[in-house]
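**Student:** Give me the fold of what follows.
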Amino acid sequence: MLTISFPEKSTTEIRFIAKNVYKNFLRTIVEVIYFPIMSYREIKKLLICTNAHLIKDFYTAGKGIVLMSAHLGNWELAALIFSKIYPISVIVANQANQFVNKIINDIRTQKDYKTINKDNMNIKTILKCLKKNEILAILSDQDAGQNGVFVPFFGRLASTPKGAAYFAITAKCPIIIALSTRQKNGTIKVEFTEVPMPNTGNKETDIKIINSFYSKKLEEAVRKNPEQWFWFHRKWNTRPTISKKLTS
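**Tutor:** Now for the predicted structure:
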């Protein structure tokens, strides 16, 4: 995937990026394990935010917020910090390894931010959270199968989850993209970007527009720090089906 995504890079550069992808992932795991023994003050010092006023302004408006995030930098750290300031629920998936799954969920619970398992989530409950002015965080960068919306990502169509856009449109609340990247001094920078809300009159079209904007911003961030994105999850695994009308 790296070679296809970065055709302009040499084999040496690709291998360097791949090596550092593993390093970043292992570092993230170690940091998550150490969360329980770190104080809020210690963790807060690690986080730098750009455009944090967007969260404050929309939260003050009382409409609820949908955060579209990604497996970039240290996403767990960013969620942890904001759970200490705002009521936030993070939609999570079960890990394949049950032991790892339990460790991560126990750490999340200890640090007091709520999680919603995507396999058991109730749409009414999620919309209720937003109407109560809570923040709903969704990692929207994984392959969503044939149920996703196909939008460009690194020059190829990729299936992207509809959830974040659907919830925001239905609840009539804003969407903010939150992407974290590691800095050379050891801090984590989280950049917030407001998503322009379309109003075409067609929900599916609006969802595609939102996801296209998200994918563009994510690609820009990944191009700057390719070693910090979670390349393991086969983003392009699902391919668009060709309509029978087009083949007849």
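
**Student:** CA atoms for contacts and neighbours, from now on please.
**Tutor:** Will do.

**Student:** Which of the helices or strands spans residue 126?
**Tutor:** Secondary structure assigned from DSSP states H and E places residue 126 in helix 123-131.

**Student:** Ramachandran angles for residue 229?
**Tutor:** The phi/psi pair for residue 229 (degrees, to the nearest 10) reads phi -100, psi 150.

**Student:** residue boundaries of the strands in the protein?
**Tutor:** 47-50, 65-69, 88-92, 114-117, 135-139, 149-153, 156-160, 175-182, 188-194 (DSSP state E).

**Student:** Give me the helices and strands touching the longest one, please.
**Tutor:** With contacts defined as 3 or more Cα pairs under 8 Å, 6 or more residues apart in numbering; DSSP states H and E, the packing partners of strand 175-182 are strand 65-69, helix 75-83, helix 163-171, strand 188-194, helix 203-224.

**Student:** what's the least confident stretch among these?
**Tutor:** Ranked by mean pLDDT, the helices and strands packed on strand 175-182 bottom out at helix 75-83, with a mean of 78.

**Student:** longest helix of the protein?
**Tutor:** For the chain, the longest helix by residue count, based on DSSP state H, is helix 11-34.

**Student:** Need the contact partners of that helix.
**Tutor:** The contact list for helix 11-34, computed with Cα atoms under 8 Å, 6 or more residues apart in numbering, reads 2-3, 73-74, 76-77, 104, 107, 226-231.

**Student:** Relative to residue 89, which of those residues is nearest.
**Tutor:** residue 76 (12.3 Å; Cα to Cα).

**Student:** And for the closest one, the neighbour number?
**Tutor:** 19 (other Cα atoms under 10 Å).

**Student:** Could you do residue 116 as well?
**Tutor:** 18.

**Student:** can you check residue 70 too?
**Tutor:** There are 22 residues near residue 70, going by other Cα under 10 Å.

**Student:** So it sits against residue 139, correct?
**Tutor:** Yes: here residue 70 reaches residue 139: they are 4.7 Å apart, a contact under Cα atoms under 8 Å.

**Student:** where do the contact lists of the two overlap?
**Tutor:** In contact with both residue 70 and residue 139: no residue, using Cα under 8 Å, 6+ apart.

**Student:** gap between the residue nearest to residue 209 when sequence neighbours are not counted and residue 70?
**Tutor:** Leaving aside its sequence neighbours, residue 209 sits nearest to residue 198 (Cα to Cα, 6 or more residues apart in numbering; 7.2 Å). Distance of residue 198 to residue 70, given as Cα to Cα, to the nearest Å: 22 Å.

**Student:** now residue 63
**Tutor:** 23 Å.

**Student:** Next up, the contacts around residue 165.
**Tutor:** 175, 206, 207, 210, 211.

**Student:** How about residue 172, nearest residue that isn't a chain neighbour?
**Tutor:** The spatially closest residue to residue 172, leaving aside those adjacent along the chain, is residue 63, at 7.7 Å (Cα to Cα, 6+ apart).

**Student:** Isn't that neighbour up against residue 173?
**Tutor:** Yes: between residue 63 and residue 173 a contact is recorded at 5.5 Å, counting by Cα under 8 Å.

**Student:** Overlap of the contact sets of these two?
**Tutor:** The contact lists of residue 63 and residue 173 share residue 130, where a contact means Cα under 8 Å, 6+ apart.

**Student:** Tell me which residues of stretch 208-216 come out buried.
**Tutor:** The neighbour-count check on stretch 208-216 (16 or more other Cα atoms under 10 Å) flags 208, 209, 210, 211, 212, 214, 215 as buried.

**Student:** actually stretch 65-73, not the one I typed
**Tutor:** Quick answer for stretch 65-73 (16+ other Cα under 10 Å): 65, 66, 67, 68, 69, 70, 71, 72, 73.

**Student:** Could you report the separation of residue 30 from residue 90?
**Tutor:** Residue 30 is 20 Å from residue 90, by Cα to Cα.
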